[in-house]
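Chemist: Got a predicted structure plus its sequence, pasted below:
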Amino acid sequence: MPARQDACLQWGFALMKMPGFFKRLLFLAGVLSTLAVAALAWFAWTPLALNNPAGAGRPLDFSVPAGYSLRAISRHLVSEGMDFSPWQFTLMVRLLGKAGAIQAGSYEIAAGTTPWQLLKKLTRGDVSQSALLFVEGMNFRQLRAALDAHPDLLHDTQGLSEQEILQQIGAAETHAEGLFFPDTYLFSKRSSDVELLRRAYQAMQQRLAQAWAQRADGLPLRTPYDALILASIVEKETGRAEDRALVASVFINRLRIGMALQTDPTVIYGMGERFDGNLRKRDLQTDTPYNTYRRPGLPPTPIAMPGQAALDAALQPVRSDKLYFVARGDGSSEFSRNLNEHNRAVNLYQRGKGRNNP
């Protein structure tokens, strides 16, 4: 007879010879173990009660911080609005061998979720996501307002100066304008707005480097930052996509011959919050670092976030002899080679209709 079977028989005979007290004790232990397993199963499959500040029936947003122990995670989940005893969740996770599998991040659970379903979500890393669109042509002030207004972000940049924000994201520049690539950014709910800005900054650095490496020969631009400045102007001056490369050509031609850019968006940017929507003659005559009617060359910084198409247009403009353009009023522009042609176009399209005519 195998040794294992022999040992089992001997244990059985010994158990039969035990006094009644020990038999009852073993029986009680078995009952308690069964009850414990049943209680744990009941906990695992009973829908959680949620203390949800968003209201009953609404999904509960919560986070799991990085670096927390299992016990700390269990306590944190209770503080986030889940109504259970932390030891219950800790014990369930340990018995299932999942103590090291929980992933940090932002999550969302619906009413009726069970602890077992919650654990599956946490171990899959099934994080909840939100999105924010950085729009081409936004300036940094508008971008900060969009960040501050988003309900799914942690607003860590509130109260920080522009320079402090640049330090936080690891930027070497001293002026934030134009440094962030316009795109739709997905992020885990309750992410920091600093991290979102860091991603947008890194995206712009990559896109700008690629566009600069593929630039046309002979451009009057010394650095990638010069290209970023010009691209921001092209972004603000373009009404229709098909005009973008020719708009860039006008500014490139002016830079080549030392002619003032004379572009209204730079003047408006230099006015800041003083701009009331109406650009007057005295505004064009008021000297600021951004008044390209009074100062030659590019302004000192970008004036907005340029998109990929504006970057490409600034660094690969079409070849032309155009030096002027004026808005036709339908979003397109009329381009001219000299001042006489331009004046005729202004009389035709813009006289008495406002300004948009480099």
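Modeler: Perfect, I can see it now. Everything numeric in this text was worked out from a predicted model, so none of it was measured.
Chemist: Return the set of buried residues in the helix or strand where residue 206 lies.
Modeler: If you go by DSSP states H and E, residue 206 is part of helix 193-213. Buried residues in helix 193-213, counting neighbours by 16 or more other C-beta atoms under 10 Å, are found at 193-201, 203-204, 207-208, 211-212. Heads up, the C-betas are built off the backbone N, CA and C, glycines and all.
Chemist: Next: stretch 43-59.
Modeler: Neighbour-count burial for stretch 43-59 flags 43, 44, 48, 50, 52 (criterion: 16+ other C-beta under 10 Å).
Chemist: How about the secondary structure of the second one?
Modeler: If I follow you right, that is residue 44. helix (DSSP: H, G, I helix; E, B strand; the rest coil).
Chemist: tell me the contacts of it?
Modeler: 92, 114, 115, 116 (C-beta atoms under 8 Å, 6 or more residues apart in numbering).
Chemist: Which among these count as buried?
Modeler: Buried among the contacts of residue 44 (16+ other C-beta under 10 Å): 92, 115.
Chemist: Mind putting the contacts of residue 44 into TSV with distance to residue 240, pLDDT and secondary structure?
Modeler: Shown next, in TSV, are these (distance: C-beta to C-beta, whole Å; pLDDT from 0 to 100; DSSP: H, G, I helix; E, B strand; the rest coil):
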residue	distance to residue 240	pLDDT	secondary structure
92	61	91	helix
114	55	92	coil
115	57	92	helix
116	56	91	helix
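Chemist: Can I get the contacts of residue 44 in TSV including distance to residue 272?
Modeler: Shown next, in TSV, are the contacts of residue 44 (distance: C-beta to C-beta, whole Å):
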residue	distance to residue 272
92	58
114	55
115	54
116	56
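Chemist: Now the phi/psi pair for the residue nearest to residue 109 when sequence neighbours are not counted, please.
Modeler: The spatial neighbour of residue 109 that comes closest, neighbours along the chain excluded (C-beta to C-beta, 6 or more residues apart in numbering), is residue 60 at 5.4 Å. Main-chain dihedrals, residue 60, degrees, to the nearest 10: phi -100, psi 120.
Chemist: just residue 143 next, same as before
Modeler: Dihedral angles (degrees, to the nearest 10) for residue 143: phi -60, psi -40.
Chemist: Since that was my last question, I'll sign off now.
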